[in-house]
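Student: Everything below, folded, please.
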Amino acid sequence: MRDFSDLIAACKDKIRSGPFDSPADYAWGIREVGSVDELIEQFRHGNWAVRIGFVLGDLAFVEQVNGGNEWLALKLEDGEWKSFDSVSFYAMLQQRGEDACRDYIKHLMETPWHNLKYPSVLEGPTMQM
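Tutor: Residues are numbered from 1 along each chain as shown. Purely as a prediction, here's the structure:
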C-alpha cells in the first residue's frame with residue numbers, strides 16, 4: 001500500500017472542511033486505483049466526502065467539497081504533488097459521457113504538469129493584444 005502523506009500535505013492548505021465541521025469530522029482517505037475505467041467508476045458515484053481522493057499513476061484527484069463533485073487535480077512532478085485544476089467529473093460524465101471523460105484523463109496523464117497549470121498572474125500576461 002502506497003503512502004500518500006506527501007499528497008495529503010500538498011492538499012492541506014487547499015482543502016478544508018466546512019465552517020461548522022471539525023477537522024476530525026472528515027479524515028483523509030486516499031487510495032490508488034488501477035485503471036482509468038476504475039477511476040471513472042469512482043467519479044460516477046458522484047457523492048464523496050471532502051478529503052477523499054483517488055490516485056492513478058502520477059495523477060491525483062481529491063474531493064474539495066462534501067458531495068460537491070469538485071476534485072482538486074494534482075500531478076506528481078519531480079517527486080512533488082502539484083495542483084493544477086479543479087474538475088467536476090460527475091458533471092462531465094453526465095454532459096459529455098464516459099468517452100470524453102476517459103480522453104480527458106488520458107490527456108492529463110500524458111501532459112507534463114507545467115503544460116497543465118494555469119499561468120499565475122505573477123508570470124505576466126498570457127495573451128498578446
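
Student: nearest spatial neighbour of S83, skipping sequence neighbours?
Tutor: L74 (4.8 Å; CB to CB, 6 or more residues apart in numbering). In short, each C-beta sits where N, CA and C put it, glycine included.

Student: Just the pLDDT for that neighbour.
Tutor: You'll see L74 listed with a pLDDT of 96.

Student: which SSE is it in?
Tutor: Applying DSSP states H and E as the criterion places L74 in strand 71-77.

Student: who does the helix or strand bottoming out on mean pLDDT in the chain touch, helix- and strand-wise?
Tutor: Each helix and strand of the chain was given a mean pLDDT (mean pLDDT, DSSP states H and E); the minimum falls on helix 113-116 at a mean of 88. Helix 113-116 sits against strand 71-77, strand 80-87, with contacts defined as 3 or more CB pairs under 8 Å, 6 or more residues apart in numbering; DSSP states H and E.

Student: Which stretch among those is buried most, on average?
Tutor: strand 71-77 (a mean of 20; mean count of other CB atoms under 10 Å).

Student: could you give the angle of that one to strand 80-87?
Tutor: Interaxial angle, strand 71-77 versus strand 80-87 (axes from the mean of the first three to the mean of the last three CA atoms, to 10 degrees): 150 degrees.

Student: Adjacent strands (with direction) for strand 71-77?
Tutor: Within its sheet, strand 71-77 is paired with strand 59-63 (antiparallel), strand 80-87 (antiparallel), according to DSSP bridges.

Student: quick one: which of the helices and strands packed on helix 113-116 is nearest R2?
Tutor: R2 lies closest to strand 71-77 among these, at 11.2 Å (CB to CB).

Student: chain center to that closest one: distance?
Tutor: 5 Å (CA atoms, centre = their mean, to the nearest Å).

Student: returning to that earlier point: which residues touch the strand holding L74?
Tutor: Here strand 71-77 makes contact (CB atoms under 8 Å, 6 or more residues apart in numbering) with 7, 10-11, 14-15, 43, 58-64, 81-89, 108, 112-114, 116.
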